[in-house]
Structure formats: C-alpha cells, structure tokens
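J.: have a look at this prediction, sequence included:
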Amino acid sequence: MRRLTIDDVIRIARITDVRLSQKGDLAIIDLVADVDKNKYVSEIRVLTSAGDEFYLVGEGDSSPRWSPSSNKLAFISRRGAGKDDKGSGIYVWGLRGEPRRVAWFRDGVLDLEWLDDNTLVALSATPREGFYDPDGDYISTDRLPIWFDGRGFIGSLTGQLYLVDIDSGRVRRITDEENSIQGFSICGNAICYYTREEWRRPFPHVVKRITPGGSQDLILRGYAVSQLYSIDSELYMLGHRMSIGIASHYRLWRILDGDAHCLSCSLDKNIHMIAGDLDGKPLVVYPDQGRIVLSVIDSKGPRDLVRRNGVVITANARGGRAAYVYASPTQPPEVYVVENGSEKRITRINEWVSREAKLYEPIYEPVEINGRRIDGWVIIPEGDSRKPLILYIHGGPKGMYGYYFNPEMQLMASEGFIVAFCNPRGSDGYDEEFADIRGGYGERDYEEIMTFLDNIVRKYPVDEDRMAVTGISYGGYMTNVVITKTHRFRAAVSENGIADWIADYWASDIGYYFNPDQIGGTPIDNLEEYIRKSPALHVASVKTPLLLIHSMEDYRCFIDQSLAMHTAMVMAGKDSRIVVFTKGSHGHSIAGEPRHRKKRYEIKISWLKEKLGIKNGGRESRDTRHTIQGH
C-alpha cells in the first residue's frame, strides 16, 4: 500500500451531522474539500427507509431537521447567497423537487427545530438596539465578549428565539432575553431554553419554558447547562454544579417539578451530548479512557450500545434505531445504524483512504505516575533503525487523545516519524478529580508528559537527538512551556497557543472568566501567578528552535499570544519563526480553508525535517543549509 499524503488528508470528508426521522429516514451532512476553489462543498445525503437516495448539494448546508410527520426536511444554508450577503437562511425540502427558502436571518441562524409540521423554531443572533451598525462599519458594545471564536464580532448581538411559518414565511420573535439564549429544546407544545443569569459569568444558567403565545415560566436555576432535550414531554439536561469550576463534568439530569435529578452521577464521566431517545430512554455520548462511547442511561445507570477502540463523533436516535458517526485509528469517519442489537454500516465516504494508503495502529503504552495510570499511545513506522519522534500534546486542557482517526499523526508516521501522545492530568475521559488542573498548568501535567516520553524512549527505537514537540491551543501553550523547561527537543511547533496569560485575560473571548477559574484570580490581584505561568516571560534559557503557527481570526487564543512568544524569542536571540494565516478561527487546522490546511501541513513538515536533519524517506541529513529560515 502507498504512503498517506497531504493531498489525501485534505480530501478526507468530514461527516458533521446525522438525523433520523420518526419513519427511519436518515439525513447525513458531509463536507468535502474542493482545493481548486478553496472551499468546502456541503452535501445532504438522504437515505429513506424505502431504499431511496437523494443528494442535496449547496453552500453552507447544515443542521438537517426532520418534521414530526417525517415528510419535510429543514436545514440552514447560504445557498444562492453572494459573497457579500450577510447571514444565512432556512430551507425546507419536501422529499422531492428543489428546497425552498422560507426565511433569511441577516445575522445567521444558530440552531433550528420543528415545533409542529408547519412551524419552525429558530435561534438567531439579534441586534441590540442602540449598539448595532447595520453597515458593519464599527462595533459598539458595553459587554463582554466583543467577539467569539468561529462567529466573529458578537458584542452588539443577543441570541433570541423566533417562530417561522413555513407556508407564509412569516417570522415572529417570541423572546426578549437580556442575555443571549444559549440553547433550546421543544417540550411538547412549548419551548424550553437556557440563558446566563449574568452576562459577566458563563455560569450558572437559568432554564425557562415559553409557549408560542408568549407565556413564560422559570423551570430551574443554579446549574451550568450545555444541552436540553425533551423525551415524551419529560425534560432532560446536561449540566453541572461547578464542583471543580468550568472543567466540571457535565452529567445527565432529569428535570422534574422544579428540581434536577442526576441519572449519571455514578458514572463520573463528562457527557458530551444527548443524542436522542432510544425506546424512550436518553442516548448519550461520552469519552472514556481514549474511547468515545454511545450509551443508554436510565434509572439503572448506563447500558453501552457502542464501546470499542474507536470514537463516536456524533449520533441521533429515534424509537428503536440509532445512527452514529464512528471512526477508529485506522478507519476515517463513516455512518452506522444500530437496531435491535444489529449494526449496519451505511456510508463508505472515506473507505478509499484505508483501502489505498498505509495506516498505522497505535500501540497502547500506559505509565504509572504518582499512583495514577496515565494512558498513552505510540505509532511506530516501518524499519528497525532509530527514528525521529514527535510528541503531541492535546488541546483543552480538557481534551483527550486515544482511539481517534488522527490524519496528521498518520501523515507524520508515513513521513518516518515515531508519534507519541498521552492523556495527562486535566484530560477528559476520566473521573472529575483527574480533570481538575486548576492552578497547576505546566506543572504536574508537564511531569506526567515527560515521564510518559521517558517510557517511550526506553522501549522503542527513538533517536533522542531528533525529537520534536507540538500541540494546538492548550497543546500549543504546553509546547511553549516545555521548551522553557527542557533542552531535550531539537524542534518545537506551537499552534494557536497561549504564551502570555496576562494579555490573554484581556483579549480572549473567554479569558475574562476562563483565566480566573484556571489560573486563579485576575492579573490585577494575582499578577505573580500569571507571570509565573506565562512562557513568553521565561525564554532566557530556551535552546529549542520554535515555529509558531497562528490564524488571524482566532478569538479563543488571540494572535497576540504567538506574537508575544515570537517577540520574546527574537529579542532574546533565539531561533524563532512565526507563520500567520490571514483567515481561520481557533480550529483552523481542521476547519480552515483547504488551501490553508494544505500549506500548514507543508510548512510544518518542512520545518521539522529541516530542524531534525531529515531528508525525504526519513534519512538523516548532513546538509546544514536551511530550506526554511528562522530568525
């Protein structure tokens, strides 16, 4: 089989949503890169229970939603819009002919559900009177944040609910919340939603119910909420009580008579989503020690539907059927349906990858540290010679590595690198105590990552003179930290990471509440700790050449972070290079424009090979000329 290439990675389709109708029809959203046009083509695949197949292709199609009768499919789209047209529309398709646009929202549609067969409920960004310039010449706000990653400038907008009549196209606003509505669910003939109690703090939330006529009731308060879901008029919630701050595990609760009853507290895992109801019971997706599991939860606890060495990316269930997107280390994402214990693969969108290209199965390599098991993995390419190594550090810190299909790691292995990765303290997929790293960034996590690496170096043919470290977001931060603490790496690539927690507090879309929770206090009242945790202020002893990659529209870890690290390195006479992509949000490595993603891979591989002295094919180079110049 041939080696995996950068072009292969760009061509791999992302499957972003699956939705089952009451009749068992399936709608799938997949995104395929068009590198020549430098954009993604959205495709809605509809597979009916009668065996018919339909394909709807448009720009920006997302969020397919079946009507209660299953005879209509609504979705959000920008099809037909020009480059300068703002917002997005709601389209309805009647299972034949062309989809019809029923409404357009200038500031976009954030979510969509059916109230009944003729009425949709839309969550849309709504201008605040006196703070909004319709021409977009300026941004005005008296609130935080002024921007939000992936959405842009939101300071003058609040999320509100609208009713959309699909026959007439009439749109009617039904809420006037002071703080943005974060999410909603249809609860019988009403709509349940949640919003912040106070805009300066992300938590707690207030849960309310509103009828189409406008009457409103308070249901619950005092919980951090990430999702509401109604099953047979019973309301369920993913929420927590801030037991370890913002990193607390989201658990499944049933809301009854103004109180919340926990259904998953014995599980002690962080539930990612309620994926629908399977035979009237909530179906959930949660991470567990490198896997992501699909499980039914009721009063007796969890009953796993899908648990193996892979990850359930998203899922949806109706009646006795569940559809889900699943991937494993050597299998890119595909759609499956399970019913009555029988599983069937539905798509083969990405099958060509595993059929054509050599893919590598990670080896599980846990390590015991301070009485706690740290899960880790290593990918070993062919050959008996000693090989260069790349240590990956995941984002979050409440992210998780494990049994994912990771195209970048597969690509690096195909280039001859040993790839090592682990889940240190702070990671998702374990108990809540393990996730609590408040005040400890760059300390215990650093110790555990280095101990894991020591174990890999001891057991496998690693060339210790050719090791690199890399990561994105929190992984980028830890990459910056690592090179201030050790000289064992000959190259480092830090992407969209943190370097100066003081600046991050002021500029990040979440810095004003994330940093006080995770670092402790604010720079005003805890400046010494902010300085101690900021790697840009500790580069004097750095010897590792550093490549910084950042995207200009990243509002989660703002561009000033990589600029701070680069400036500090350059002014201290260190080897540093920065690459700034002019577009792209925090997740640009996955969701960035196809051309940008391709160039990012090319730049990263070229830098690593140059600094580690590697020719194509993995052979060590004695040529000292640099193909990419650092400072």
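T.: Noted; the coordinates are in hand. Numbering: from 1, shown residues only.
J.: how about the contacts made by S69?
T.: Counting by Cβ atoms under 8 Å, 6 or more residues apart in numbering, S69 touches 22, 117. For glycine as for every other residue, the C-beta is placed from the backbone atoms N, C-alpha and C.
J.: just the pLDDT for it.
T.: For S69, the model assigns a pLDDT of 96.
J.: all helices of the stretch 201-350 of the chain, in order?
T.: Here the stretch 201-350 of the chain has no helices by DSSP state H, counting those that start in this stretch.
J.: just confirm I519 is within a helix.
T.: Yes - remark: I519 belongs to a helix, assigned using DSSP: H, G, I helix; E, B strand; the rest coil.
J.: OK, contacts around it?
T.: Taking Cβ under 8 Å, 6+ apart as the test, what I519 contacts is 439, 441, 501, 526, 529-530, 533.
J.: just the buried ones out of those residues, please.
T.: 441, 501, 526, 529-530, 533 (16 or more other Cβ atoms under 10 Å).
J.: quick check: the two most widely separated of those?
T.: Within the buried ones among the contacts of I519, two members stand farthest from each other by Cβ to Cβ: Y441 and N526, at 13.2 Å.
J.: hmm, back to that, out of the contacts of I519, who's nearest T567?
T.: Nearest to T567 among these, with distances taken as Cβ to Cβ, is W501, at 15.9 Å.
J.: quick one: the closest one and G395, what's the gap?
T.: 16 Å (Cβ to Cβ, to the nearest Å).
J.: for the chain, what spans make up the helices?
T.: Secondary structure of the chain (DSSP state H): helices located at 6-11, 351-356, 407-414, 432-435, 444-459, 474-485, 501-507, 511-515, 527-532, 560-571, 588-591, 594-612.
J.: turn those into a markdown table, including mean pLDDT and distance to P333.
T.: Formatted as a markdown table, the helices of the chain follow (pLDDT from 0 to 100; distance: least, Cβ to Cβ, whole Å):
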| stretch | mean pLDDT | distance to P333 |
| --- | --- | --- |
| helix 6-11 | 97 | 13 |
| helix 351-356 | 96 | 10 |
| helix 407-414 | 98 | 11 |
| helix 432-435 | 97 | 26 |
| helix 444-459 | 98 | 27 |
| helix 474-485 | 98 | 22 |
| helix 501-507 | 98 | 32 |
| helix 511-515 | 97 | 29 |
| helix 527-532 | 98 | 39 |
| helix 560-571 | 98 | 30 |
| helix 588-591 | 92 | 12 |
| helix 594-612 | 97 | 17 |
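J.: can you say which of those helices is nearest to T119?
T.: Per Cβ to Cβ, nearest to T119 of those: helix 588-591, 31.9 Å.
J.: what does that closest one contact?
T.: Contacting residues not belonging to helix 588-591 are listed as 14, 408, 472, 495-496, 551, 554, 581, 584-585, 596-597, 600 [Cβ under 8 Å, 6+ apart].
J.: same check, this time on stretch 17-30
T.: Counting by Cβ under 8 Å, 6+ apart, 13-16, 42-49, 61-66, 68-70, 73, 276, 314-319, 321-325, 335, 337, 346-347, 349 sit against stretch 17-30.
J.: the same query, at a cut-off of 6 Å, please.
T.: Contact partners of stretch 17-30, identified using Cβ atoms under 6 Å, 6 or more residues apart in numbering, comprise 13, 15-16, 43-49, 64, 66, 70, 73, 316, 318, 321, 323, 325, 335, 349.
J.: the residue lying closest to D268 once chain neighbours are set aside: neighbouring residues, count only.
T.: With Cβ to Cβ, 6 or more residues apart in numbering as the criterion, D268 has its nearest non-adjacent residue at 4.6 Å, and that residue is D431. Neighbours of D431 under the rule other Cβ atoms under 10 Å: 12.
J.: cool, K23 as well?
T.: K23, neighbours per other Cβ under 10 Å, totals 14.
J.: check the gap between it and R318 for me.
T.: Taking Cβ to Cβ, one finds K23 at 9 Å from R318.
J.: same question for R100.
T.: Taking Cβ to Cβ, one finds R100 at 25 Å from R318.
J.: ok, the two, which is more surrounded?
T.: R318 (22 against 12).
J.: what residues are up against that one?
T.: Taking Cβ under 6 Å, 6+ apart as the test, what R318 contacts is 20, 22.
J.: in its sheet, what does the lengthiest strand in the chain sit against?
T.: Using DSSP state E, we find that the single longest strand of the chain is strand 216-231. Strand 216-231 has the following strand partners under DSSP bridges: strand 205-210 (antiparallel), strand 234-240 (antiparallel).
J.: please spell out which residues along the last one are buried.
T.: By that I understand strand 234-240. 235-240.
J.: count of neighbours near the residue lying closest to T451 once chain neighbours are set aside?
T.: Once flanking residues are discounted, T451 sits nearest to I369: 5.1 Å by Cβ to Cβ, 6+ apart. Per other Cβ under 10 Å, the neighbour tally for I369 reads 18.
J.: now do G213
T.: 9.
J.: do you know how far it is from G476?
T.: G213 is 50 Å from G476, by Cβ to Cβ.
J.: and the nearest residue to K574 once chain neighbours are set aside, how far is that from R488?
T.: Computed as Cβ to Cβ, 6+ apart, the closest residue to K574 that is not its neighbour in sequence is V542, at 5.3 Å. For V542, the distance to R488 equals 12 Å [Cβ to Cβ].
J.: so those two - more neighbours on which side?
T.: V542 (24 against 18).
J.: residues in contact with the more buried one?
T.: With Cβ under 6 Å, 6+ apart, V542 has these contacts: 483-484, 574.
J.: swap in 8 Å and give it another go.
T.: 483-484, 569, 572, 574.
J.: just put the residues you listed in a markdown table and tack on neighbour count.
T.: Output for those, formatted as a markdown table (neighbours: other Cβ atoms under 10 Å):
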| residue | neighbour count |
| --- | --- |
| I483 | 27 |
| T484 | 17 |
| M569 | 26 |
| A572 | 12 |
| K574 | 21 |
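J.: in this protein, where is pLDDT below threshold?
T.: By pLDDT under 70, the low-scoring segments of the chain are 616-631.
J.: 80 instead, please
T.: Applying pLDDT under 80 to the chain picks out residues 83, 299, 615-631.
J.: I549 contacts E495, correct?
T.: Yes - using Cβ atoms under 8 Å, I549 is in contact with E495, at 4.5 Å.
J.: that older thread, buried ones in the longest strand of the chain, by neighbour count?
T.: Buried residues in strand 216-231 (16+ other Cβ under 10 Å): 219-220, 223-231.
J.: and the furthest pair within those residues?
T.: A224 and I231 (21.5 Å).
J.: on that earlier part again, out of the helices of the chain, nearest to K83?
T.: Closest among the helices of the chain, using Cβ to Cβ: helix 594-612, at 16.5 Å.
J.: can you give me how far that closest one is from the chain middle?
T.: Centre-to-centre, helix 594-612 and its host chain are 22 Å apart (Cα atoms, centre = their mean, to the nearest Å).
J.: what residues sit buried inside it?
T.: 594-598, 600-601, 603-605, 607-612.
J.: re the thing from before, which of the helices of the chain sits most buried?
T.: Compared across the helices of the chain, helix 474-485 shows the largest average neighbour count, a mean of 26 (mean count of other Cβ atoms under 10 Å).
J.: alright, calling it a day.
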